[in-house]
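1. Quick one, structure for this:
(one chain, ligands or ions: 2)
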Amino acid sequence: MKPLTELTFDNRYARLGDAFSTPVLPEPIAEPRLVIASPAAMALLDLDPAEADNPLFAQLFSGHKLWSTAEPRAMVYSGHQFGQYNPQLGDGRGLLLGEVVNAAGEYWDLHLKGAGQTPYSRSGDGRAVLRSSIREFLASEYLYALGIPTSRALCVTASSTPVWREKQERAAMLLRLAPSHVRFGHFEYFFYTRQHEQLKTLLDHVVHCHFPECLADAEPYAAFFRTVVERNAELIARWQAYGFCHGVMNSDNMSILGITFDFGPYAFLDDFDAQHICNHSDDSGRYSYSNQVPIAQWNLAALGQALTPLVAVEQLREALGRFLPLYQAHYLDLLRRRLGFSTAEEQDQALVERLLQLMQGSAVDYPRFFRQLGELAAEPALRLLREEFVDLAGFDQWSADYCARCHREGADQPARRARMHAVNPLYVLRNYLAQQVIEAAEQGDYAPVRELHAVLSQPFTAQPGHERYAERPPQWGKHLEISCSS
Ligand code: AMP
Ligand code: MG
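-> Ligands and ions are numbered 1, 2, ... in the order given. Sure thing, here's the model as predicted:
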């Protein structure tokens with residue numbers, strides 16, 4: 001364990017120089033108070049969870065104090081937003097404080113979101129509101145608990161500093177951790193500004209620091225792009241399998257590491273709806289749940305375009321072509337597990353597709369379906385679930401095929417239940433649960449957000465006394481409008 005003040009910094013990105021980022025000091029927020037900290041994220045920095053009670057903790061993560069070896073910088077990037085190229089992006093309100101090396105030799109970027117204006121703020125105030133900071137905190141730590149690759153959240157601090165969105169709110173800061181904050185948009189920036197030397201410097205940095213396995217390849221750059229495609233195929237498969245909607249899959253919100261990154265108005269599906277649009281500002285549904293698959297490929301193509309000065313077009317095309325089959329294989333594998341199968345059969349894909357078609361329009365709660373399917377043996381479980389479906393004849397046919405499939409699988413019910421419960425969460429980060437704890441936090445009561453986080457950090461394990469978190473969302477809770485404003 002390390003004392004809070006003695007983190008070891010080695011700021012590799014800062015050393016790339018001013019073409020890649022600009023030194024900027026955080027602008028503190030007034031009267032900082034710690035809202036919540038993640039003990040699991042603190043462990044990544046070798047910090048004792050008790051350090052969250054150290055008064056220095058809130059000071060360090062609200063811009064009031066800084067380690068002497070931190071080198072806060074705003075990174076420059078650009079990107080495609082809703083399909084349009086925007087040359088004018090960059091860290092407009094977040095700062096890379098530096099890179100911390102832990103005892104295991106892992107590097108973690110400390111990124112303070114909401115740290116004030118930077119040269120990339122455009123007309124923005126450089127701030128983040130409490131509501132969106134809490135939402136990002138909860139999602140990061142919940143996705144991690146589900147086993148979905150993601151940036152992490154160390155803590156949120158609240159303040160009395162006023163900020164204006166649709167109404168007056170209060171500024172907050174979120175400390176985000178990730179092995180790298182390089183986005184697809186970083187590469188796009190150097191490509192579209194024709195800084196090909198810097199493009200190569202960036203690529204060498206990323207490959208060296210984050211994809212060292214590619215260095216053994218005869219063509220490390222091509223191997224790198226292939227790996228990014230593979231990681232994204234796996235990531236998106238996990239999102240789809242668990243009903244996660246990102247909401248703003250602009251190429252500047254895509255991490256080069258293939259981890260979930262830059263949370264906006266995200267949602268986990270309640271009732272299954274393939275066309276679900278979680279971002280209230282996304283009029284055309286570009287980033288709807290089912291569009292996440294082609295959009296990820298579209299973003300990878302945008303990244304490939306930016307790499308054309310360094311990788312042959314044929315190799316980029318070949319790698320891009322692997323996305324869909326890889327995605328489909330991962331997705332099917334995950335759904336098989338969610339349905340309780342440890343073997344693979346040819347008809348499994350059709351079984352999954354038929355289930356989703358039956359769910360569509362039936363208002364079946366997506367996460368609860370899987371959990372309840374494992375709770376009892378297949379036949380009694382399906383008898384209880386049947387009433388949620390509209391097409392009963394179709395459901396009965398599906399049930400018969402599913403039961404036959406379970407029979408061939410051959411596991412006894414206790415084994416089937418244990419296997420299914422290990423992959424089907426009982427607790428889900430529902431929008432309405434997040435909304436309730438945000439409203440309490442805005443009144444200065446942080447106990448609800450802390451309790452929700454604690455429950456969600458073990459999503460597969462039943463926690464007596466916390467039954468209400470596992471219930472179906474109320475009607476009002478299914479239709480919350482979450483916008484981009486943050
Ligand atoms: P986001 O929608 O959070 O992914 O941000 C898109 C771009 O807008 C990034 O360059 C952000 O840094 C910038 N941005 C978002 N909100 C603000 C803000 N309040 N102040 C300054 N820049 C912002
Ligand atoms: Mg962003």
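
2. nearest residue to Lys478 other than its sequence neighbours?
-> Asp270 (5.1 Å; CB to CB, 6 or more residues apart in numbering). In this view, the C-beta of every residue, glycine as well, is placed from N, C-alpha and C.

3. just checking, the one you found touches Arg430?
-> Yes - the pair Asp270 and Arg430 passes the contact test of CB atoms under 8 Å, sitting 6.4 Å apart.

4. joint contacts of these two?
-> Residues touching both Asp270 and Arg430 (CB atoms under 8 Å, 6 or more residues apart in numbering): Pro473, Gly477.

5. What residues does the stretch 251-400 of the chain have near ligand 1?
-> For the stretch 251-400 of the chain, the residues in contact with ligand 1 (CB under 6 Å from any ligand atom) are Asn253, Asp262, Gly264.

6. Lowest pLDDT pick from those residues?
-> pLDDT across these is lowest for Gly264, at 88.

7. number of nearby residues for that one?
-> Neighbourhood size, Gly264 [other CB atoms under 10 Å]: 23.

8. sec struct for it, please.
-> At Gly264 the chain is in coil, as set by DSSP: H, G, I helix; E, B strand; the rest coil.

9. I figured it hits Ser485, correct?
-> No - if you go by CB under 8 Å, Gly264 and Ser485 don't touch, sitting 9.4 Å apart.

10. Find residues that contact each of those two.
-> Contacts common to Gly264 and Ser485, judged by CB under 8 Å, 6+ apart, are Ser132.

11. For ligand 2, what's its nearest residue on the stretch 301-450 of the chain.
-> Ala302 (14.9 Å; CB to the ion).

12. and that residue, that's in a helix?
-> Yes - using three-state DSSP, the secondary structure at Ala302 is a helix.

13. what residues are up against it?
-> Neighbours of Ala302 in contact, by CB under 8 Å, 6+ apart: His80, Phe184, Glu188, Ser251.

14. Give me the phi and psi for the residue nearest to Lys478.
-> Asp270 adopts backbone torsions of phi -90, psi -90, taken as degrees, to the nearest 10.

15. Quick check: pLDDT value at it.
-> 96.

16. give me every residue that touches the residue nearest to Ala178 when sequence neighbours are not counted.
-> Spatial nearest neighbour of Ala178, chain neighbours left out: Ser151 (4.0 Å); criterion: CB to CB, 6+ apart. Going by CB under 8 Å, 6+ apart, Ser151 touches Ser140, Arg176, Leu177, Ala178, Ser255, Ile259, Thr260, Phe261, Asp262.

17. For whatever residue of the stretch 351-486 of the chain ends up closest to ligand 2, the count of nearby residues, please.
-> Using CB to the ion, the closest approach of the stretch 351-486 of the chain to ligand 2 is made by Ser486 at 9.3 Å. For Ser486, the count of nearby residues is 21 (other CB under 10 Å).

18. Same check on Ala393?
-> Ala393 has 8 nearby residues by other CB under 10 Å.

19. Check which helix or strand it maps to.
-> Using DSSP states H and E, Ala393 falls within helix 392-409.

20. List the contacts of that helix.
-> Counting by CB under 8 Å, 6+ apart, 339-343, 345, 347-348, 351, 354-355, 357-358, 378-379, 382, 386, 389, 416 sit against helix 392-409.

21. quick revisit: quick check: the residue of the stretch 351-486 of the chain closest to ligand 2 touching Ser132?
-> Yes - proximity of Ser486 to Ser132 meets the contact threshold set by CB under 8 Å, at 3.4 Å.

22. anything in contact with each of those two?
-> Gly264.

23. list the helices and strands the helix or strand that contains Pro414 packs on?
-> According to DSSP H and E, Pro414 maps onto helix 413-421. Applying 3 or more CB pairs under 8 Å, 6 or more residues apart in numbering; DSSP states H and E, one finds that helix 413-421 contacts helix 323-338, helix 366-375.

24. Out of these, which one sits most buried?
-> helix 366-375 (a mean of 21; mean count of other CB atoms under 10 Å).

25. now it and helix 323-338, what's the angle there?
-> Inter-element angle recorded for helix 366-375 and helix 323-338: 50 degrees (by axes from the mean of the first three to the mean of the last three CA atoms, to 10 degrees).

26. So what touches helix 366-375?
-> Contacts of helix 366-375 (CB under 8 Å, 6+ apart): 242-243, 268-272, 338-340, 359, 381-382, 384-385, 388, 416-417, 419-421, 424-426, 428, 472.

27. same question for it, mean pLDDT?
-> 98.

28. The helix or strand just after that helix vs helix 413-421, what angle?
-> Downstream of helix 366-375, the first helix or strand assigned by DSSP H and E is helix 378-385. With the same axes, to 10 degrees defining the directions, helix 378-385 sits at 50 degrees from helix 413-421.

29. Show me what counts as buried in helix 378-385.
-> Neighbour counts over helix 378-385 (16 or more other CB atoms under 10 Å) mark Ala378, Ala381, Leu382, Leu385 as buried.

30. now those in a markdown table, with pLDDT?
-> What follows is these, written out as a markdown table (pLDDT from 0 to 100):
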| residue | pLDDT |
| --- | --- |
| Ala378 | 98 |
| Ala381 | 98 |
| Leu382 | 98 |
| Leu385 | 98 |
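
31. which of those sit farthest apart?
-> Ala378 and Leu385 (10.3 Å; CB to CB).

32. For the residue nearest to Leu25 when sequence neighbours are not counted, report the pLDDT, please.
-> Excluding its sequence neighbours, the residue lying closest to Leu25 (CB to CB, 6+ apart) is Pro72, at 5.9 Å. Note for Pro72: predicted pLDDT of 98.

33. Surely Pro72 and Glu27 touch.
-> No - checked against CB under 8 Å, the pair Pro72 and Glu27 is beyond contact range at 10.6 Å.

34. follow-up on the earlier one: save the helices and strands packed on helix 413-421 as JSON lines, and put in distance to Gln195 too.
-> Shown next, in JSON lines, are these (distance: least, CB to CB, whole Å):
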{"stretch": "helix 323-338", "distance to Gln195": "28"}
{"stretch": "helix 366-375", "distance to Gln195": "45"}
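
35. Buried among the contacts of helix 392-409? Make that a ChimeraX selection.
-> Here is the ChimeraX command that picks out the buried ones among these, judged by 16+ other CB under 10 Å:
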select :339,340,341,348,351,354,355,358,378,382,389,416
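
36. This completes my enquiry, with thanks.
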